[in-house]
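J.: Sequence first, then the predicted structure, then my questions.
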Amino acid sequence: MNTFMLEIVTPERKVFAQEVNSISVKGVEGELGILAGHIPMVTPLQIAPMKIKVDGKEHFVAVHGGFLEVRKDKVVLLAESAELPENIDVDRAKASKSRAEQRISMADRSKQDHVDFRRAELSLQRAIARLKVSENR
């Protein structure tokens, strides 16, 4: 099966660099599947788990926004942050999810400004992505 180099890079570090068979990510316009030989493209990403297939095995990474660049010879994911399952603190993610849900509920009732609501929404999305990825350890 054909492979391609996948690099996942954040402002802090390179999270992942390996030859893979395929990836599946959630772009702003929907789910994207990338195989070797895909046409070059750049697309913004949503906060969601990313699925990576290597030699028939599935691996997951919590991706928190950014951009995916598909090149002729490799794919580069430039993420605001990205976490491998072994780096996710499940208890912390559950607590973050609960706090975000409370903030969203309070924002609905008090009609707080849109910025607070959006921050809580993004926090909730990140927590859910972390929890989904941690389930697939």
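T.: Yes, it's here.

J.: Kindly provide the distance from residue 117 to residue 103.
T.: Distance of residue 117 to residue 103, given as C-beta to C-beta, to the nearest Å: 8 Å. For every residue, glycine as well, the C-beta is placed using N, CA and C.

J.: got it, and residue 97?
T.: Distance, residue 97 to residue 103, by C-beta to C-beta: 11 Å.

J.: Identify all contacting residues around stretch 38-48.
T.: The contact list for stretch 38-48, computed with C-beta atoms under 8 Å, 6 or more residues apart in numbering, reads 25-29, 32, 63-72, 75, 77, 79, 122, 125-126, 129.

J.: hmm, 7 Å instead?
T.: For stretch 38-48, contacts defined as C-beta atoms under 7 Å, 6 or more residues apart in numbering pick out 25-28, 32, 63-72, 122, 125-126, 129.

J.: Out of the residues you listed, which end up buried?
T.: 25-26, 32, 63-66, 68, 70, 125-126, 129 (16 or more other C-beta atoms under 10 Å).

J.: which one of those residues sits closest to residue 136?
T.: residue 129 (11.6 Å; C-beta to C-beta).

J.: which SS state does that closest one fall under?
T.: Under DSSP: H, G, I helix; E, B strand; the rest coil, residue 129 falls in the helix class.
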